[in-house]
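**Student:** sequence first, then the predicted structure:
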Amino acid sequence: MSKKQKPITPLGWLIIKRLAERKMTRKEFCLKENIPESRLSNLITGLRPALKYRKKVMDALGIKEEEITAHEERKL
């Protein structure tokens, strides 16, 4: 049986892109920034808001709210 894939949010796509640009795995990023891997995963999939870590992740990766909005608008 394969796991059902969860959708990726606009913020999630930006997180994945920034990690790739830095040639960094999710695990490496989480260890460096002291963020639980499950919370990063929640931000990527939107499963839970993970509000406590959202700003921390966005600051660490240089993501601005405007980028998320622009990414959402491109999808429409």
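**Tutor:** In hand now; what should we look at?
**Student:** what residues are up against the residue lying closest to G62 once chain neighbours are set aside?
**Tutor:** Distance criterion CB to CB, 6 or more residues apart in numbering; nearest residue to G62, sequence neighbours excluded, is R18 at 7.0 Å. Where you see a C-beta, it was placed from the backbone N, CA and C, and this is true even at glycine. Contact analysis of R18 by CB atoms under 8 Å, 6 or more residues apart in numbering lists L61, G62, I63.
**Student:** narrow those to just the buried residues.
**Tutor:** L61, I63 (16 or more other CB atoms under 10 Å).
**Student:** for stretch 53-62, what is the distance to the chain centroid?
**Tutor:** 9 Å (CA atoms, centre = their mean, to the nearest Å).
**Student:** quick check: which ranges of the chain have low pLDDT?
**Tutor:** Low-confidence segments of the chain (pLDDT under 70): 1-4, 75-76.
**Student:** and the helix or strand where the residue nearest to G62 lies, what's buried?
**Tutor:** R18 is located in helix 10-21, with elements delineated by DSSP states H and E. Neighbour-count burial for helix 10-21 flags P10, L11, G12, L14, I15, R18, L19 (criterion: 16+ other CB under 10 Å).
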